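Asks: pasting the structure only:
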């Protein structure tokens, strides 16, 4: 028996490192371009290194596709469209999608580890959010493939042709699924380019396509930076462009496409308001604030980056928020206990740092919890700004990092006015116990997605997309099919 | 100072934006948070730390109709020295029994740090006249129990007679005084909503509870992770506004070390280190102890031992 007075007093309970093993992922030293169902050497002859942002270590060499490579990929997609895919019975297309979904589930751990390795996001998120949702998207659209007439009553839907899809680095595999699943379900073929910094999960996905025995050329995956994307947009053989990324690039794409007749959907930036009313369940609202802005290091286009708190509960909310921030675990993305991982790239880190500096310079009050960051890699401490005026850059511009700006409001009308006072309109959050108020707010907020008493929740059946400078077109749900079908009168 | 005009009973003038206001709880978000915390991966030395702590926090319990002096004596010995072969294993916090068994538990634990807790107030239903409940409390306190685990009257609570619930806690607390520590069981499995859990917790605390406790262990659902988190948040609100420290006890259905560790992670990330002590947190359980011993042994040696090497009491 040990006497109580000899019992150790707890001074700290540091969780031992619990890293997910990276052995499950086998990377090749170099990757080609996935065109016509196999990896080919890039005609450009150029390659660049993709890294692990948490360790600044090289992971692999990937190809930088040029104009000739893009042409090759588009021709391959066109050939597959004319030759097989558009002629296949819709129920057969569904089978391939189901197969892809199941293989993604079977290889979930491998994809989760790779996603965290190449992107810097915590394994908890890639394991519980990114990969399961990606599989769910394939399952969901597999179901639509042979029911398109029911999605568009009294119309005769037919596929458009070749879709060029350009996706961002924040959810590499999930965005791939959002793009590829509806395109294939509707009978189109695809040329997809993952983001420059996060190509590896898309390249591993090529192996899933091989396992699923998808006909060659139906999905082509090419890698490269913005130049490759520009070539894809400009290619005359492409019928449809789907882009997710920055508003700046989105505008450039739209300019390029003017007059070409190519279809376009854009999912761009956001500066969402997360609105907390005084009757909200406060502890849960604080969880919603945390999840809204620190999920995926704030690299989320629909992040709740502007917190609007009703003045009567402002102090209580901020006190709870700061205390909660002190429990955030920042560090190794592969550790199962990590809440906030690494910033995706040096470039992004610099951008975040510059905007945070502007907030300090403009007079906002900054709070960052004490936090020990690893020496190597790209890191940014979770940050909150109070005393923010609507005119500050940190309240206007998309930071795309773990930085929250707090504003206050007095009445529901003022909340709506402030929430809508932005060039963006992607998402918003409302926290209140009053059901009627949720509905009233949802009617007046100009945002594509509005969450009530939750934040950053996604489901394949629910459409996602923006107003104003956040883009147009919807992804997910029945609406997500619209972008990939031409509708003739029945 | 101006006096407020007469208002209906129960109406409190909101003169200050006070916490803990009654507040509400969002079930989806609460369960999501509890789920995230339950997935923390606690390994090696951090696991040993948690297991050692959990044993020191344990109220080793037997609450059966078949309890006898012999059973209680055996349980007490087990609580004092959980593993005769390993003196580094600490004693549990308390032995928790029915009133009639209190004298036997006291006899066995005399001279040790292990306390004796007794359930009272017509445990587990609380459906008896107030005087009976008070007499029972008086009896166990005078018998020497250092801790009293009372139940609230859920019948009164669910029919909206909150004042009655509050009054009962106050009366029982009066009897306990400084002689015995009062834990108030709100029996979350019968309350139906997290809003009710929060309300009942606040009532118990207002009535003078030293600890609030999830369950009797006799209901269909017992201590769940979200319910415990909800109660910890009440304790946190009370502490932040008033500085008053209220303890927490989870009970019922906790049979595996992994569950105990999950509860401790919640405490750690909600109330912090200050609550990671037997003075402020208890785990009521009966079969959990042997699983912990087995896990501790496994952490140290890397191998699981045959259950026959751990005594059953």
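Replies: Cool, got the structure. Fair warning: this is a prediction, and the values are worked out from it, not measured in the lab.
Asks: Now do the helices in the stretch 201-313 of chain B.
Replies: Along the stretch 201-313 of chain B, the segments classed as helices by DSSP state H, counting those that start in this stretch run B:225-242, B:257-270, B:288-301.
Asks: should've said the stretch 151-300 of chain A
Replies: Secondary structure of the stretch 151-300 of chain A (DSSP H, counting those that start in this stretch): helices at A:172-185, A:200-211, A:226-234, A:247-257, A:282-294.
Asks: again, but for the stretch 1-150 of chain B
Replies: For the stretch 1-150 of chain B, the helices defined by DSSP H, counting those that start in this stretch cover B:27-38, B:44-56, B:69-80, B:102-109, B:130-143.
Asks: what sits up against the fourth one?
Replies: Just to be clear, that refers to helix B:102-109. Helix B:102-109 is contacted from outside by B:69, B:72-73, B:75-77, B:79-80, B:95, B:97, B:115-116, B:118, B:140, B:143-145, using Cβ atoms under 8 Å, 6 or more residues apart in numbering or on different chains. C-beta coordinates here come from the backbone N, C-alpha and C atoms, glycine included.
Asks: So which of those residues reach chain A?
Replies: Restricting these to those adjacent to chain A (criterion: Cβ under 8 Å from any Cβ of the partner chain) gives residue B:80.
Asks: Please indicate which of the contacts of helix B:102-109 are buried?
Replies: Buried members of the contacts of helix B:102-109, scored by 16 or more other Cβ atoms under 10 Å in any protein chain shown, are B:72-73, B:75-77, B:79-80, B:95, B:97, B:115-116, B:118, B:140, B:143-145.
Asks: wait, what's in contact with residue B:244?
Replies: By Cβ under 8 Å, 6+ apart, the residues touching residue B:244 are B:205, B:238.
Asks: so residue B:41 makes contact with residue A:336?
Replies: Yes: contact criterion Cβ atoms under 8 Å: residue B:41 and residue A:336 qualify, at 4.0 Å.
Asks: which residues do these two both contact?
Replies: Common contacts of residue B:41 and residue A:336 (Cβ under 8 Å, 6+ apart): residue A:18.
Asks: Show the low-confidence segments of the stretch 1-150 of chain B, by residue range.
Replies: B:1-5, B:7-21 (pLDDT under 70).
Asks: Name the residues of it found near chain A, please.
Replies: Residues of the stretch 1-150 of chain B lying close to chain A (Cβ under 8 Å from any Cβ) are B:17, B:19, B:23-26, B:28-30, B:32-33, B:36, B:39-47, B:49-50, B:52-53, B:56, B:80-81, B:87-91, B:112-113.
Asks: Without its sequence neighbours, what residue ends up closest to the residue of the stretch 201-350 of chain A found nearest chain B?
Replies: Taking Cβ to the nearest Cβ, chain B has its nearest neighbour within the stretch 201-350 of chain A at residue A:284, 3.5 Å off. In space, and not counting its chain neighbours, residue A:284 is closest to residue B:29: 3.5 Å by Cβ to Cβ, 6 or more residues apart in numbering or on different chains.
Asks: and if you look at residue A:102?
Replies: Take residue A:102 and drop its neighbours on the chain: the residue closest to it by Cβ to Cβ, 6+ apart is residue A:135, 7.8 Å away.
Asks: now do residue A:358
Replies: Distance criterion Cβ to Cβ, 6+ apart; nearest residue to residue A:358, sequence neighbours excluded, is residue A:393 at 4.7 Å.
Asks: Need the phi and psi values for that neighbour.
Replies: phi -60, psi -40 (degrees, to the nearest 10).
Asks: repeat for residue B:215
Replies: Backbone dihedrals for residue B:215, given as degrees, to the nearest 10, come out at phi -150, psi 170.
Asks: How about residue A:386?
Replies: With angles defined as degrees, to the nearest 10, residue A:386 sits at phi -110, psi 180.
Asks: Check whether it really touches residue A:364, as I assumed.
Replies: Yes: under the criterion of Cβ under 8 Å, residue A:386 makes contact with residue A:364 at 6.9 Å.
Asks: hang on, the earlier thing: could you report the separation of the residue of the stretch 201-350 of chain A closest to chain B from residue A:388?
Replies: The gap separating residue A:284 from residue A:388 is 24 Å, by Cβ to Cβ, to the nearest Å.
Asks: can you put the helices of the stretch 201-313 of chain B in JSON lines and add distance to residue A:277?
Replies: Output for those, formatted as JSON lines (distance: least, Cβ to Cβ, whole Å):
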{"stretch": "helix B:225-242", "distance to residue A:277": "18"}
{"stretch": "helix B:257-270", "distance to residue A:277": "24"}
{"stretch": "helix B:288-301", "distance to residue A:277": "42"}
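Asks: No further questions, thank you.
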